[in-house]
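Novice: Mind looking at a prediction? Sequence and model below.
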Amino acid sequence: MFTPSIPVSVCHLFFSHSALHLALLLSSLCSYATGEQQGRRTKDLPNFIVILADDLAWNDIGAFGNTKVHTPNLDQLASQGMCFDQAFLTSSSCSPSRASILTGRYPHQTGAEQLHWPIPESQKIFPERLKLAGYFVAAAGKWHLGEAMRKHFSMVREVDTSGFQLPANPGAGANDKFAESSTGDDRSGCTEWVNLLRERDPQKPFFLWLAAVDPHRPYEDRISTQPHPPEDVLLPPYHPDTDLVRRDYARYYDEIRRLDRFVGLVLNELELQKAADNTMVIFLSDNGRPFPRDKTSLYDSGIRTPLIIRWPTTIKPASRCHQLVSAIDLAPTILALAGFPAGPSYVGKSFTPLLEGKDTAIRDAVFAEKNSHDYEDRSHAVRDKRFKYIVNHYADLPATPPADAARSDTFKEMQRLRAAGTLPEVQSSCFLAPRPREELYDLKADPHELRNIAGLPAHEDTLTRLRAEYRQWRVRTQEKTPRLRTPDEFDRVTGKPTPARIRPRWSKQKMIEEGIILP
Ligand SMILES: [Ca+2]
């Protein structure tokens, strides 16, 4: 039987920062020791459900301002909990973002910073701590974490993504077909969520990782009996307003609606089980909208996430938090609420005071990184509440959208208009090469980050300050310049596979051993 032990000094540390009820909870945890006592007390521990959308932009649900996309269940969750208006991911890329959330580390600290790299066995993820402490720990939907992490879960119900997420066909780009192995709701990644909740061990507190595949591409037509009208969609100024683009957006909205339906089923099941009060429901997305200049970019449309947390015992309904939080802060927050101090591997900061309604800054800035994702790139970003600094290390390369977005109707339209010489400059940044090495944006004046002010004398002080923050972060987190570039796995114009594409993709270690990359 595992016996938690929390040093007295750590308990003191927690008490100085936490509200009374947390202090009481931790007090009881700090004092218990035996297996019998643990069995009794674990029943009082909070449950956690993380619901993770796949490729959903921060502002494409009703609760975050998009009144055209139909998300009644997420809006209800928001009305019962807290919306985080300044929540950021550390990467706008699927598996690196997930690895970062679970390890509480920046992607380059996980050994899984490129798309499809599995999390190495040496990494610690917070669910394993919960499982050791007696939690029922389970995952359903998209996995994308690698084989070594499976043992930290009591149960994994993985959705089949072989047709489009991790194409299993061996060899190097033998074809450009992405055969689908499922259709309809089976492709949502959400169909086992409620089953997991029903099949959990009722004697144990639980942690569920419910990972959707929606609204990830490719899209099927007619998945909804009430499809979103293309004329209703809200387009950012950097996408062309054409029929094809609007239809592409409408299908994306339909997948968000399907995800929302499954979120509603989970919330309903929690009510039926009378478990809603003691269960913290955490909703967020792993990266931004699967469109050019969004997914994989370090703009807010790539790294900002619609974080909603509902926890009736503590969080005031319909509250909004305006403080900066990073995805790496979730791990230490959840561990603190379960009564465990986060160990030294976790580099984020617990934000439990924000859940209690305190308006105190947890951090001054958030950091994000872009590494190879279908295409080689290497960029970093620092964002405070108002400004964002981006440094593009491979400024000679264009910011090509990820392969799924590069095959989209939206990108085809952008290519068509560009060939005709009618694509406006504001919609052309994905094609620009070389591009600026440094970018600076005033998010207050320019929320779409279209006007690079890095060269303006009026903003020199801000640039100097954020450059310094960036350099300190690189030193602090040991970010190192790779000695070799990673080969592109798809053609930058056609989106078709290149000979460098090998499936399943090799791990970082294997790629180093094979001389594909150098550490
Ligand atoms: Ca994703």
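Specialist: Yep, that arrived.
Novice: Could you check how far residue 202 is from residue 208?
Specialist: As defined by C-beta to C-beta, to the nearest Å, residue 202 lies at a distance of 14 Å from residue 208. Where you see a C-beta, it was placed from the backbone N, CA and C, and this is true even at glycine.
Novice: between those two, which one's more packed in?
Specialist: Relative neighbour count places residue 208 above the other of residue 202 and residue 208, with 26 against 11, counting by other C-beta atoms under 10 Å.
Novice: The more buried one belongs to a strand?
Specialist: Yes. Going by DSSP: H, G, I helix; E, B strand; the rest coil, the assignment for residue 208 places it inside a strand.
Novice: quick one: residue 320 is in a helix?
Specialist: No. Counting by three-state DSSP, residue 320 is not found in a helix; it is strand.
Novice: what sits against it?
Specialist: Neighbouring residues of residue 320 by C-beta atoms under 8 Å, 6 or more residues apart in numbering: 82, 83, 84, 85.
Novice: What is the neighbour count of the third one?
Specialist: In other words, residue 84. Using other C-beta under 10 Å, residue 84 has 25 neighbouring residues.
Novice: quick one: pLDDT of the residue in the stretch 1-150 of the chain that the ion sits nearest to?
Specialist: Residue of the stretch 1-150 of the chain nearest the ion, by C-beta to the ion: residue 94 (3.4 Å). Predicted confidence (pLDDT) for residue 94: 97.
Novice: which residues touch it?
Specialist: 54, 55, 115, 144, 216, 286, 287.
Novice: and the least confident of those residues?
Specialist: Summarising pLDDT for the contacts of residue 94: the lowest-scoring member is residue 144, with 90.
Novice: Provide the count of other residues in contact range of it.
Specialist: Going by other C-beta under 10 Å, the residues that sit close to residue 144 add up to 23.
Novice: That one belongs to a helix, doesn't it?
Specialist: No. Counting by three-state DSSP, one finds residue 144 to be coil, located in no helix.
Novice: isn't it right up against residue 93?
Specialist: No. Contact status for residue 144 versus residue 93: not in contact, 10.8 Å apart, counting by C-beta atoms under 8 Å.
Novice: so which strand or helix has residue 411?
Specialist: helix 409-419 (DSSP states H and E).
Novice: got the contact list for that helix?
Specialist: The contact list for helix 409-419, computed with C-beta under 8 Å, 6+ apart, reads 239-240, 242, 244-245, 247-249, 291-292, 401, 405, 423, 427-428, 430-431, 493, 495.
Novice: let's go with 10 Å and repeat that
Specialist: When contacts are defined by C-beta atoms under 10 Å, 6 or more residues apart in numbering, helix 409-419 is touched by residues 219, 235, 238-249, 251-252, 289-294, 400-401, 404-406, 408, 422-424, 427-428, 430-431, 493-495.
Novice: Among those residues, which are located in helices?
Specialist: 243, 244, 245, 246, 247, 248, 249, 251, 252, 404, 405, 406 (DSSP state H).
Novice: quick one: which of those residues is nearest to residue 375?
Specialist: Distance to residue 375 across these (C-beta to C-beta) is lowest for residue 406, with 8.4 Å.
Novice: average pLDDT across stretch 261-269?
Specialist: Stretch 261-269 shows a mean pLDDT of 98 in the predicted model.
Novice: what's it in contact with?
Specialist: For stretch 261-269, using C-beta under 10 Å, 6+ apart, the contacting residues are 49, 51, 53, 61, 70-74, 76-77, 80, 141, 185, 188-198, 208, 210, 212, 214, 224, 275-276, 279, 281, 283, 308, 310.
Novice: between the contacts of residue 320, which has the most around it?
Specialist: In terms of neighbours by other C-beta under 10 Å, those top out with residue 84 at 25 neighbours.
Novice: Give me the distance between that one and residue 348.
Specialist: 14 Å.
Novice: Show me the common contact partners of these two, please.
Specialist: Residues within reach of residue 84 and of residue 348 at once, by C-beta under 10 Å, 6+ apart, are residue 325.
Novice: Which stretches in the stretch 351-500 of the chain count as strands?
Specialist: Defined through DSSP state E, counting those that start in this stretch, the strands belonging to the stretch 351-500 of the chain, from first to last, are 366-370, 379-383, 387-392, 438-442.
Novice: Now render those as a markdown table, adding mean neighbour count, distance to residue 502 and mean pLDDT.
Specialist: As requested, the strands of the stretch 351-500 of the chain are arranged in a markdown table below (neighbours: other C-beta atoms under 10 Å; distance: least, C-beta to C-beta, whole Å; pLDDT from 0 to 100):
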| stretch | mean neighbour count | distance to residue 502 | mean pLDDT |
| --- | --- | --- | --- |
| strand 366-370 | 25 | 22 | 98 |
| strand 379-383 | 24 | 25 | 98 |
| strand 387-392 | 22 | 27 | 98 |
| strand 438-442 | 20 | 33 | 98 |
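Novice: Many thanks, have a good one.
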